[in-house]
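**Student:** With the input below, show me the fold.
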Amino acid sequence: MNGTNNTPILEVDTEEDYSVSGSSGAEQNDTRPEKAGSVHSLDTRERETLSPVMIGLKKHRRNLSNLTTGSGRSGSLDSVSLGNSSFDCVSNYTDTPSPIDVTTLEDISLQDEEEGVEGRKIQTNGGGVGINTTSKMSRLARKLFRKQEPVVPITNLIFENRPSNLPSKNPEEEQAQRRAYEEMVASAKRKQIAEEKKKQRAAEERHKYEETVAQCTDIWLKEIIPEWQVVHATKRVHTLWWRGLPPKVRGTVWKLAVGNELQLTKNLYFLMVDRARETLRCCKDDIEMKHISEETRDNVRDIRLDVLRTFPALCIFQETGPYHNQLMDVLGAYASYRPDVGYVQGMSFLTAVLLLNMDVADAFILLSNLLHQPCQRAFFRMDADMMFVYFDAFNVFFEEALAPLFGYFAQTNLTPDLYMIGWVFTLFSKSLPLDIASRVWDVFFRDGDSFLFSTALGILRMYQSKLLQMEFETILQFLRKLPDDMDVEELFEHIKIVGLTPRKFQHTMVELVEINNVERKGRNKSAVSACG
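**Tutor:** Just a heads-up that it's a prediction; the model follows:
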């Protein structure tokens, strides 16, 4: 700045010059004589060269360092004309320049220094709006908006005539190649259109599903849960239940369905947790305590190992995960509450699913009542006689519903205990995708143990044709980890076709238990006779 003139200036480091007018339309009506170096003294070609730079400055005007008012223009909206372009700015900025990040312009700066380009300072005429920025800003604009070479379409490259030094292409061959190329392009377009339609259908289905879930959630929260004792056994509620519970009410409905026959309280849970944490601490520090049995130490070791292997893909139950301590607490509390049962492999998956749907105390109470159910009690207490009664019942329904597959399994000596144990211990949460397993749990809490065997038969029916083509080991591997892309609606359709009702299952179980009791008495008599 010179003397008392406070008009800001524009520093540019280009081969072109600029002028700034303080009022709109000054560029057209200004009759003042042209000064050397002003934009009016440039020829048409030079003014056109400025346009890309001005567009760049317009888009990056927020990076300009200082915009201030001139005399008689305070707080007004002025037009800044540079070359053949203009943009508006509010002329009430402070005198303090704003910093500009120029770290990305070092290569441009070095290039300009090598070319010996000198910066020029252009001052406004008549006290209009001025611009003060660095020379690197103008170089950025010139760099960003440098004229680009046109891109040659790929078709031009493909159909371009051969060089003159090569023999001409056979017309038939050229036509064949052209048709092949057109077919390739058409195929790509068809594929793209198909993918777009698929995405659109998926989005529509997702939107429809979300609307359905929202409607069902309102029904469960406002109509069913408040009147649970009255309506939970009605046909309408059972129909909604079959379709799956909304995630928002899943934990609440599970607790209501299972109940609390053991009359457990949250205070009991906290007491058991304190005891379990003390036991874990002692085992971790290898402290010798007489009241800690070898079985308890084995439980602690098994819990630690199984927690690390629980839903590893989710990465939330492992040591650094947010649910690690909660899972350890609930499993340790149950082992302390039921030392006669202790910890059994499979409990970690049950507890993990519960923790995803409710708090820790409720998960402990529900887990304890769940493992008190007849089927779970038989399996988790390793009651071999009752376990095989359940397997015999399963074989009855298996042979009835899927005779060809039942015969193939019998031929290959593939007995239910080889694959059903894992399904029952984890309620399919380890074998099925988690969202499908949660849907199975929904109906299991409605129908009871029978639905576990209905689900097993539904899975076998769904994959019957594939299983008939597999060998023994391949079948076991397949059934232990079912496909992730399983269609839940198709699975439930197969479960429905199997038609195993709770009443039918219970009637068969009663008959098999009686037969088992008779056989057990016979074995006991034979044992007594042998001893005598």
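
**Student:** In the protein, where's the longest helix?
**Tutor:** The longest helix of the chain (DSSP state H) is helix 171-219.

**Student:** residue ranges of the helices in the stretch 251-400 of the chain, please?
**Tutor:** When assigned using DSSP state H, counting those that start in this stretch, the helices of the stretch 251-400 of the chain occupy the ranges 266-284, 294-308, 324-337, 347-355, 360-370, 374-380, 384-401.

**Student:** Point out the most buried one among those.
**Tutor:** Of all the helices of the stretch 251-400 of the chain, helix 347-355 carries the top mean neighbour count, a mean of 25, counting by mean count of other CB atoms under 10 Å. Every C-beta, even on glycine, is put in place using the N, C-alpha and C of the backbone.

**Student:** For residue 207, find the nearest of the helices of the stretch 251-400 of the chain.
**Tutor:** Comparison of the helices of the stretch 251-400 of the chain against residue 207 by CB to CB identifies helix 347-355 as nearest, at 27.6 Å.

**Student:** could you give me the average pLDDT of that closest one?
**Tutor:** Throughout helix 347-355, pLDDT has a mean value of 97.

**Student:** can you count the residues close to residue 490?
**Tutor:** 11 (other CB atoms under 10 Å).

**Student:** I'd like to know how far the nearest residue to it once chain neighbours are set aside sits from residue 302.
**Tutor:** Closest residue to residue 490 apart from its sequence neighbours, by CB to CB, 6 or more residues apart in numbering: residue 462 at 6.5 Å. According to CB to CB, to the nearest Å, residue 462 and residue 302 sit 33 Å apart.

**Student:** so what's the nearest residue to residue 252 once chain neighbours are set aside up against?
**Tutor:** Nearest residue to residue 252, sequence neighbours excluded (CB to CB, 6+ apart): residue 225, at 6.2 Å. Residue 225 makes contact with 249, 252-253, 256 under the criterion CB atoms under 8 Å, 6 or more residues apart in numbering.

**Student:** Out of these, who's the most crowded?
**Tutor:** When neighbours are counted by other CB under 10 Å, residue 253 leads these with 22 neighbours.

**Student:** Make JSON lines out of the helices of the stretch 251-400 of the chain and add distance to residue 185.
**Tutor:** Below are the helices of the stretch 251-400 of the chain laid out as JSON lines (distance: least, CB to CB, whole Å):
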{"stretch": "helix 266-284", "distance to residue 185": "66"}
{"stretch": "helix 294-308", "distance to residue 185": "52"}
{"stretch": "helix 324-337", "distance to residue 185": "54"}
{"stretch": "helix 347-355", "distance to residue 185": "50"}
{"stretch": "helix 360-370", "distance to residue 185": "58"}
{"stretch": "helix 374-380", "distance to residue 185": "61"}
{"stretch": "helix 384-401", "distance to residue 185": "51"}
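
**Student:** of all those, which lies closest to residue 491?
**Tutor:** helix 384-401 (14.7 Å).

**Student:** Next secondary structure element downstream of that closest one?
**Tutor:** helix 403-411 (DSSP states H and E).

**Student:** does the residue nearest to residue 252 sit in a helix, a strand or a coil?
**Tutor:** Per DSSP: H, G, I helix; E, B strand; the rest coil, the secondary structure class of residue 225 is helix.

**Student:** from now on call the first residue 483
**Tutor:** With the count now opening at 483, the last piece we talked about shows up as residue 707.

**Student:** quick one, phi/psi of residue 965?
**Tutor:** In this entry, residue 965 is assigned phi and psi values of phi -60, psi 140 (degrees, to the nearest 10).

**Student:** where does the protein have low pLDDT?
**Tutor:** For the chain, the stretches flagged by pLDDT under 70 are 483-645, 766-773, 1006-1014.

**Student:** coming back round to it: ok, so of the contacts of residue 707, who is nearest residue 981?
**Tutor:** Ranked by distance to residue 981 (CB to CB), the contacts of residue 707 are led by residue 735 at 24.8 Å.

**Student:** The closest one is in contact with residue 729, isn't it?
**Tutor:** No. With contact defined as CB atoms under 8 Å, residue 735 and residue 729 do not form a contacting pair (10.8 Å).

**Student:** Look up how far residue 675 lies from residue 681.
**Tutor:** From residue 681 to residue 675 the distance is 11 Å (CB to CB).

**Student:** Check residue 720 too.
**Tutor:** Residue 720 is 43 Å from residue 675, by CB to CB.

**Student:** Which one of these two is surrounded by more residues?
**Tutor:** residue 720 (13 against 10).

**Student:** helix or strand for the closest residue in space to the more buried one that isn't next to it in sequence, which one?
**Tutor:** Nearest residue to residue 720 in three dimensions, chain neighbours excluded: residue 928, at 6.8 Å (CB to CB, 6+ apart). Using DSSP H and E, residue 928 maps to helix 916-929.

**Student:** Just the buried residues of that helix, please?
**Tutor:** 916, 918-929 (16 or more other CB atoms under 10 Å).

**Student:** mind listing what residue 746 touches?
**Tutor:** Contacts for residue 746 (CB under 8 Å, 6+ apart) come out as 846-847, 850-851.

**Student:** at 6 Å what do you get?
**Tutor:** Taking CB atoms under 6 Å, 6 or more residues apart in numbering, we find residue 746 in contact with 847, 850.

**Student:** what separates it from residue 657, distance-wise?
**Tutor:** Distance of residue 746 to residue 657, given as CB to CB: 82 Å.

**Student:** Helix, strand, or coil at residue 933?
**Tutor:** Residue 933 ends up helix, using three-state DSSP.

**Student:** Might one say that it is in contact with residue 924?
**Tutor:** No. Assessed by CB atoms under 6 Å, residue 933 is found out of contact with residue 924, at 9.5 Å.

**Student:** gap between residue 994 and residue 889?
**Tutor:** Using CB to CB, residue 994 is found at 21 Å from residue 889.

**Student:** Look at these two and report which has more neighbours.
**Tutor:** Counted by other CB under 10 Å, residue 994 and residue 889 do not tie: residue 994 has more neighbours, with 19 against 12.

**Student:** What strand or helix carries that one?
**Tutor:** Using DSSP H and E, residue 994 falls in helix 984-1013.

**Student:** got the angle for that helix vs helix 866-883?
**Tutor:** Here helix 984-1013 runs at an angle of 130 degrees relative to helix 866-883 (axes from the mean of the first three to the mean of the last three CA atoms, to 10 degrees).

**Student:** which helices and strands sit right next to helix 984-1013?
**Tutor:** Packing partners of helix 984-1013 (3 or more CB pairs under 6 Å, 6 or more residues apart in numbering; DSSP states H and E): helix 866-883.

**Student:** Provide the contact partners of the helix it packs on at residue level.
**Tutor:** Contacts for helix 866-883 (CB under 6 Å, 6+ apart): 860-861, 888, 898-899, 935, 939, 980, 982, 990-991, 994-995, 998.

**Student:** Just put the residues you listed in TSV and tack on distance to residue 832.
**Tutor:** Shown next, in TSV, are the contacts of helix 866-883 (distance: CB to CB, whole Å):
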residue	distance to residue 832
860	15
861	11
888	29
898	20
899	20
935	18
939	22
980	24
982	23
990	26
991	22
994	26
995	25
998	27
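
**Student:** Residues touching the host helix or strand of residue 938, excluding its own?
**Tutor:** Assigned by DSSP H and E, residue 938 falls within helix 932-944. Contact with helix 932-944 is made by 876, 883-884, 887, 905, 922, 925-926, 973, 976-977, 980, 982, 984, 987, as judged by CB under 6 Å, 6+ apart.
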